[in-house]
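[1] Here is the input, now give the coordinates:
(2 chains, ligands or ions: 1)
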Amino acid sequence: MSARRNPARDQVAIVGLGRSPYARDRQGCTPGSLVSEACVNALRDAGLGAADIDGICGSMVSAQWVQAALGIPGVAWFANPQAVIGNQITAAVAAVSSGMADTVLVYHHAYRLPWASRSAAKDPMRKRATLGVADARSWWGTGHNDTGPNSLYGAPAYAAWAGRYLHDYGYTRETLGLVAINSRTNAARNPNAVYTEPLTMEAYLAGRMVRDPLSVYDMDIPIDGADAFVITTTERARDLPRPSVLIHAATLGHTDYGSEEQLRDLDHAGQMVVVDRLWAKSELTLADVDVLYPYEGFSNIALSWIENVGYCGRGEGGAFVADHWVEAEQRIMIHGRIPVNTHGGSLSEGGTQGAGHLYEACLQLRGDAGPRQVDGAAVALVTPGGYYFNSQGILLRSDT
Amino acid sequence: MTDEELLDAFPGVRIDADNAAWHRGLLDHRLLVNRCDDCGRWHQPPRPLCPACWSRSITPTEVAGDGFVALVTALRQGAPQPGVDYADGGHALVAVELDEQPGLRLAGTVVGTPTAGIRVGDRVRALWRDIPGRLPRADFEIVAGADTAAGEGAGR
Ligand SMILES: [Zn+2]
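    Got it, this is the predicted structure:
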């Protein structure tokens, strides 16, 4: 493929990380309380105050809300793209590299809604959480009018495409199970993870089916939590206290007949657009990657990402994961060297639509990952999102 | 039927001028899919122009409802709805690829076959069931004895 211009390459950096810890049993929180906690922590981590921020870019909690809540005196640029996190990151990179803003606060939260979590359903203070909030059908414009049990709108289509993947390539649920077990094994060394007890294949296969072929173990864990990132120029980053994480390349990807049951097939999905564009914008290659973060909010998505970023051919992801499985460790180690979703991913750390993947990648590149730190991790590939609307790629490197 | 009557027939559904014909068709037990008058391509869901050639000359045109199962899943849980049973292997949810055009698909359920027995590639045809309390829509049933379409589906 031919190279593409990328004037932002390594010119924008992540200089602050902050989080509202993930939890499945938190009372008394709101999207705003989660986001504000993460944002304050990120600014403190970066050694910055409210007056240092001149751009805000988040997901569902409005930039205006965050500005007022944190008392940020002057903001020159803001945006609220829909989830997932690559939308915020690419917008912030564009803002910083173009000079629209110098230092941008980026955030995303997850909040357990009554119909997604049994414990949340018992909390009266969550009943009106979506009052006045449009659902994703209006953002995405898919034309879906029906969210009921005869519609493939949203999550059910991921299960249907998972089934199609297994059917077309002759895999069984054990293949998906390796993705789930890998996440659970890695989560054991992550204090932010909500599920840390070991998962065996036997237990995986006995998991309660939700939407065939996906069970409870194949689907991201509803949590309350938030992640925030402070983004500025690499030049400014070098004057700040924390190690810089450079954004080497970042892109989004979507296709025309791009959604749900109309997606042409898994060979013509947003992931292909992402990967073609990402590598064309990069001076790094797959061989440079030390830690890999394929989104696995549904387990099958991770197999597609592993294929599409270039480790193996289409349909070979299941076999590749099995070939690179370290039985003694109960996790994937690509070429014996590259761990996958070191934090436990959406399946075990908790579901934040890829923000947790990005956060962990930054921790690893800063050397701040504690007991799960990968020695010498210098390049991370983060691929949030699934097959449509939200396929994304972010290639990060440490500033060394 | 007036526009107001159409809205009343689909409470809670975001019906507008672009998708009204599709919903009118459902009330008449017809699948009216947008087809381009200029290039002949079909598209779904309804758009105000042809995505292939940008023509705005589009006619909602009846399709036969014959095709094959391109995607299938089983819903084991969900909100209660008339005619839906999440037990015993789950409620079948499929995408049917219509014979009129590769990749042109409709979502729906398959009736008359245990969910576990539905396979990608199975030949199906539309059937109409009026279920009290359910919005009008087409369902599908497997065509016994037909050759499956596995291998030619979804552009593969
Ligand atoms: Zn046309």
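[2] residues contacting the most centrally placed residue in chain B?
    Closest to where the C-alpha atoms of chain B average out (Cα atoms, centre = their mean) is B:Leu106, at 3.2 Å. Under the criterion of Cβ atoms under 8 Å, 6 or more residues apart in numbering or on different chains, the contact partners of B:Leu106 comprise A:Glu261, B:Leu31, B:Gln44, B:Gly67, B:Ala95, B:Val96, B:Leu98, B:Ala138. Quick note: C-beta positions are derived from backbone N, CA and C, even for glycine.
[3] how about a cut-off of 10 Å?
    Counting by Cβ atoms under 10 Å, 6 or more residues apart in numbering or on different chains, B:Leu106 makes contact with A:150, A:152, A:261-262, B:31, B:33, B:44-45, B:63, B:65, B:67, B:70, B:94-98, B:126, B:137-138, B:140.
[4] Just the ones of those residues in strands?
    When those are checked against strands using DSSP state E, the ones located there are B:31, B:33, B:63, B:67, B:70, B:94-98, B:126, B:138, B:140.
[5] Against A:Gly86, how distant is the spatially closest residue to A:Gly354 that is not a sequence neighbour?
    Distance criterion Cβ to Cβ, 6 or more residues apart in numbering or on different chains; nearest residue to A:Gly354, sequence neighbours excluded, is A:Pro384 at 2.8 Å. Counting by Cβ to Cβ, to the nearest Å, the separation of A:Pro384 from A:Gly86 is 5 Å.
[6] which neighbours do those two share?
    Common contact partners of A:Pro384 and A:Gly86 (Cβ under 10 Å, 6+ apart): A:Leu252, A:Val274, A:Tyr295, A:Gln353, A:Gly354, A:Ala355, A:Leu358, A:Asn390, A:Ser391, A:Gln392, A:Gly393, A:Ile394.
[7] which residue does chain B bring closest to chain A?
    Nearest to chain A, among the residues of chain B, is B:Pro45, at 2.8 Å (Cβ to the nearest Cβ).
[8] Could you pull up phi and psi at that residue?
    In this entry, B:Pro45 is assigned phi and psi values of phi -70, psi 170 (degrees, to the nearest 10).
[9] Report the contact partners of it.
    By Cβ under 10 Å, 6+ apart, the neighbours of B:Pro45 are A:141-145, A:259-262, B:18-19, B:22, B:33-34, B:106.
[10] Just the CA trace of stretch A:300-318, in PDB.
    Listed next in PDB are the C-alpha coordinates belonging to stretch A:300-318 (Å, rounded to 0.1, in the frame of the first residue of the first chain):
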ATOM      1  CA  ASN A 300     -15.400 -12.700  18.300                       C
ATOM      2  CA  ILE A 301     -14.300  -9.200  17.500                       C
ATOM      3  CA  ALA A 302     -10.900  -9.800  18.900                       C
ATOM      4  CA  LEU A 303     -10.300 -12.700  16.500                       C
ATOM      5  CA  SER A 304     -11.200 -10.400  13.600                       C
ATOM      6  CA  TRP A 305      -8.800  -7.700  14.800                       C
ATOM      7  CA  ILE A 306      -6.000 -10.200  15.200                       C
ATOM      8  CA  GLU A 307      -6.500 -11.300  11.600                       C
ATOM      9  CA  ASN A 308      -7.000  -7.900  10.100                       C
ATOM     10  CA  VAL A 309      -4.100  -6.100  11.700                       C
ATOM     11  CA  GLY A 310      -2.000  -8.600   9.900                       C
ATOM     12  CA  TYR A 311      -1.000 -11.500  12.200                       C
ATOM     13  CA  CYS A 312      -2.800 -14.000  10.000                       C
ATOM     14  CA  GLY A 313      -5.200 -14.400   7.100                       C
ATOM     15  CA  ARG A 314      -9.000 -14.000   7.100                       C
ATOM     16  CA  GLY A 315     -10.600 -16.800   9.100                       C
ATOM     17  CA  GLU A 316      -7.300 -17.800  10.600                       C
ATOM     18  CA  GLY A 317      -7.700 -15.900  13.800                       C
ATOM     19  CA  GLY A 318      -9.000 -18.800  15.800                       C
END
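[11] And it, what's buried?
    Counting neighbours by 16 or more other Cβ atoms under 10 Å in any protein chain shown, one finds that the buried residues in stretch A:300-318 are A:300-309, A:311-312, A:315, A:317-318.
[12] nearest to A:Ser33, of those residues?
    Distance ranking of the buried residues of stretch A:300-318 against A:Ser33, using Cβ to Cβ, places A:Ile301 first at 29.7 Å.
[13] Chain neighbours aside, what residue packs nearest to the closest one?
    Counting by Cβ to Cβ, 6+ apart, the nearest residue to A:Ile301 once its immediate chain neighbours are dropped is A:Gly386, at 4.9 Å.
[14] Ok, A:Asp218 next?
    Looking at A:Asp218 with Cβ to Cβ, 6+ apart, the closest residue is A:Ser299, at 4.1 Å.
[15] wait, the one you found sits on A:Ile306?
    No. Here A:Ser299 does not reach A:Ile306: they are 11.6 Å apart, not a contact under Cβ atoms under 10 Å.
[16] what do the two both touch?
    Contact criterion Cβ under 10 Å, 6+ apart; residues shared by A:Ser299 and A:Ile306: A:Val179.
[17] just the strands in chain A please.
    Counting by DSSP E, chain A forms strands over residues A:12-23, A:55-58, A:77-79, A:103-110, A:209-211, A:214-215, A:224-233, A:245-253, A:291-294, A:325-326, A:331-334, A:338-339, A:379-383, A:391-398, given from the N-terminal end onward.
[18] and if you look at chain B?
    In chain B, the strands defined using DSSP E lie at B:31-36, B:42-43, B:58-63, B:66-75, B:91-98, B:105-108, B:123-128, B:138-142.
[19] Packed most tightly, which of those strands would that be?
    strand B:91-98 (a mean of 27; mean count of other Cβ atoms under 10 Å in any protein chain shown).
[20] Need the contact partners of stretch A:131-138.
    Outside of stretch A:131-138, the residues within contact range by Cβ under 10 Å, 6+ apart are A:31, A:60, A:82-83, A:142-147, A:153-154, A:389, B:14.
[21] quick one on the thing from earlier: please identify which of the ones in strands among the contacts of B:Leu106 is nearest to B:Asp8.
    Of all the ones in strands among the contacts of B:Leu106, the one with the least separation from B:Asp8 (Cβ to Cβ) is B:Ala138, at 20.4 Å.
[22] can you pull the contacts of the closest one?
    In this structure, B:Ala138 makes contact with A:150, B:25-26, B:29-31, B:65, B:96, B:106-109, B:125-129, judged by Cβ under 10 Å, 6+ apart.
[23] same check, this time on B:Glu5
    With contacts defined as Cβ under 10 Å, 6+ apart, the neighbours of B:Glu5 are B:Arg24, B:Leu27.
[24] Which segments of chain B make up each domain?
    Structural domains assigned to chain B are B:3-62, B:64-152, following automatic domain parsing.
[25] Can you report the mean pLDDT over the residues of the last one?
    Here the mean pLDDT over domain B:64-152 is 93, rounded to a whole number.
[26] That domain and the ion in contact?
    No. Domain B:64-152 does not reach the ion (Cβ under 5 Å from the ion); its nearest approach is 11.9 Å.
[27] how far out from the middle of the chain is that domain?
    For domain B:64-152, the distance from its own C-alpha centre to the chain's C-alpha centre is 9 Å (Cα atoms, centre = their mean, to the nearest Å).
[28] Just the helices from chain A, written as ranges.
    Applying DSSP state H to chain A gives helices spanning A:31-46, A:63-70, A:85-98, A:118-121, A:136-140, A:155-169, A:173-187, A:201-205, A:234-237, A:270-281, A:299-306, A:317-323, A:355-366.
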